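Asks: Need coordinates for the below:
(chains A, B and C)
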Amino acid sequence: MVMYKADDWKDLDRERILCIQKQLIDWYEKNHRKLPWRETRDPYHIWVSEVMLQQTRVDTVIPYFLNFIGKFPTIEVLAQAHEEEVLKAWEGLGYYSRVRNLQRGAKVVMSQYGGLVPKELQEIKKIPGIGPYTAGAILSIAYDKAVPAVDGNVMRVFSRLFCIDYDISDGKTRREMEQIGNVVVPEENPSFFNQGLMELGALICTPLSPKCIACPVYGQCRAAQKGIQNELPIKKKKQAVKEVELEVALAWKEDKVLLMKRPTEGLLASLWTFPSAVREEGWEPGNSIIQELKEQYGMTVENIAYLFDAHHVFTHLKWNMKVYGCNLASEEKLEYPQVQWVTLDEIKDYAIPTAFKKVLNKIKR
DNA sequence: AACTCGGGGGC
DNA sequence: GCCCCAGAGTT
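Replies: Next comes the predicted model:
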């Protein structure tokens, strides 16, 4: 069932590479989508778009990108912004540690690189949040450097174009693919070439039912020649989803509800949520959250009542949320900055993950 | 090398 | 409801 070895690219002749380069770049020039981050060569704007696109589809990213660039138009502004405001601009995008890395990166560029995104691969990779893919994307798109930018789209295209059956969920496969990228990326217009590969993966060479009939490199595609484009790429790893019961407390004081800032590491790091606790095995309903409020903040719950259920599925985790209304002992003092009483109007200023937005929406109804 | 980290779209 | 989508940091 193996088609070609992954070192098949060594057999690629110059003529074939030139053909793929020309057809892809021509196709990209005629067919690429007009997107906000394609209107600029500002390496910072490219950087922001690439970090967003690492995790989210184009249609979702567009409004976030415009808002983010509007609020933080330069590296300097981002470096000096309050983290709360930065997180708020990322609210709903997910993977919140990435935007904290982005801001860390902005600070590094200001302090170590005179405010300019470095142009050398070795240097740009040192910046927090910039790995092999993002480094290649910024250098090729913003600086016209002939380096590969291998993301999931590109690995899928390569696996089909060259009939490579390596498991793309394996880390070393990406390094193999990067070697291929090094061979095929042109000195002339590496920007359009790399973006062309990714655009092809997004529009034509899609994960399911690829549109080979419209593909500019159909004639060069070894998988299509064999009719096995639907069997590629090979991807083995699958994640199991764990289910947990999460108790959530809606603690009211007059018209205000209690919010808490989550720890700076782990799931939904640094975001604001209602107090919550994973239900302990064998505990009475409600007791886990009562215990959490007591142990973490010295708060005493006077009474508690089950309100409703909500659900949220993460990649590897499902929360079955049990939402409780509760009253705290009246004399509770809040000496923790990570604890706030907030009106439903003020809540818009806090970065709240989608899982808890769902709970919020149920309250408002 | 294995694990962690969100949320959305297609069918 | 079940399937799919990804790249970077950490350990």
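
Asks: Next to DNA strand B, which bits of the stretch 201-350 of chain A? Give me the list.
Replies: Proximity of the stretch 201-350 of chain A to DNA strand B (C-beta under 7 Å from any atom of the strand) is limited to residues A:208-209, A:239, A:265-269, A:312-316. Just so you know, the C-beta spots here come from the backbone N, C-alpha and C atoms, and that holds for glycine as well.

Asks: okay, now the closest residue to DNA strand C within the stretch 1-150 of chain A: neighbour count?
Replies: Closest contact between the stretch 1-150 of chain A and DNA strand C, by C-beta to the nearest atom of the strand, is at residue A:131 (2.2 Å). Neighbourhood size, residue A:131 [other C-beta atoms under 10 Å]: 12.

Asks: Which residues are in contact with it?
Replies: residue A:125 (C-beta atoms under 8 Å, 6 or more residues apart in numbering).

Asks: Okay, and residue A:181 sits in which element?
Replies: Counting by DSSP states H and E, the element that carries residue A:181 is helix A:171-184.

Asks: Leaving out the residues flanking it, which one is nearest to residue A:287?
Replies: Distances taken as C-beta to C-beta, 6 or more residues apart in numbering place residue A:280 nearest to residue A:287, at 7.4 Å, with adjacent residues excluded.

Asks: what residues are up against the one you found?
Replies: Residues near residue A:280 by C-beta under 8 Å, 6+ apart: A:287-288, A:291.

Asks: What sits closest to the spatially most central residue of chain A if chain neighbours are left out?
Replies: When C-alpha atoms, centre = their mean is applied to chain A, the residue found nearest the centroid is residue A:55 (2.6 Å). Leaving aside its sequence neighbours, residue A:55 sits nearest to residue A:95 (C-beta to C-beta, 6+ apart; 4.9 Å).

Asks: burial of that neighbour, as a residue count?
Replies: 15.

Asks: now residue A:209
Replies: Based on other C-beta under 10 Å, the number of other residues close to residue A:209 is 8.

Asks: Make sure it is indeed in a strand.
Replies: No - under DSSP: H, G, I helix; E, B strand; the rest coil, residue A:209 sits outside any strand and is assigned coil.

Asks: Using the three-state scheme, assign the closest residue to it other than its chain neighbours.
Replies: Among residues not flanking residue A:209 along the chain, residue A:230 sits closest, at 7.6 Å (C-beta to C-beta, 6+ apart). For residue A:230, the secondary structure call by three-state DSSP comes out as helix.

Asks: Local confidence estimate at residue A:230?
Replies: pLDDT for residue A:230: 94.

Asks: just how off-centre is the helix or strand that the helix holding residue A:181 is followed by within its chain?
Replies: Following helix A:171-184 in sequence order, the next helix or strand is helix A:190-203 (DSSP H and E). Helix A:190-203 sits 19 Å away from the centroid of its parent chain (C-alpha atoms, centre = their mean, to the nearest Å).

Asks: Contacts for helix A:190-203 next, please.
Replies: For helix A:190-203, contacts defined as C-beta under 8 Å, 6+ apart pick out A:21, A:24-25, A:27-29, A:31-33, A:38, A:58, A:136-137, A:140-141, A:144-149, A:151-154, A:156-157, A:184-186, A:211, A:215-217.

Asks: Can you name the residues of chain A that neighbour DNA strand C?
Replies: Near DNA strand C, when you scan chain A using C-beta under 7 Å from any atom of the strand, you find A:54-55, A:95, A:97-98, A:101, A:128-135, A:151-153, A:155-156, A:207-208, A:235, A:238, A:315.

Asks: you'd agree residue A:90 is up against residue A:101?
Replies: No - contact criterion C-beta atoms under 8 Å: residue A:90 and residue A:101 do not qualify, at 11.2 Å.

Asks: of the residues of the stretch 201-350 of chain A next to DNA strand B, buried ones?
Replies: Taking 16 or more other C-beta atoms under 10 Å as the criterion, what is buried in those is A:268, A:312, A:314.
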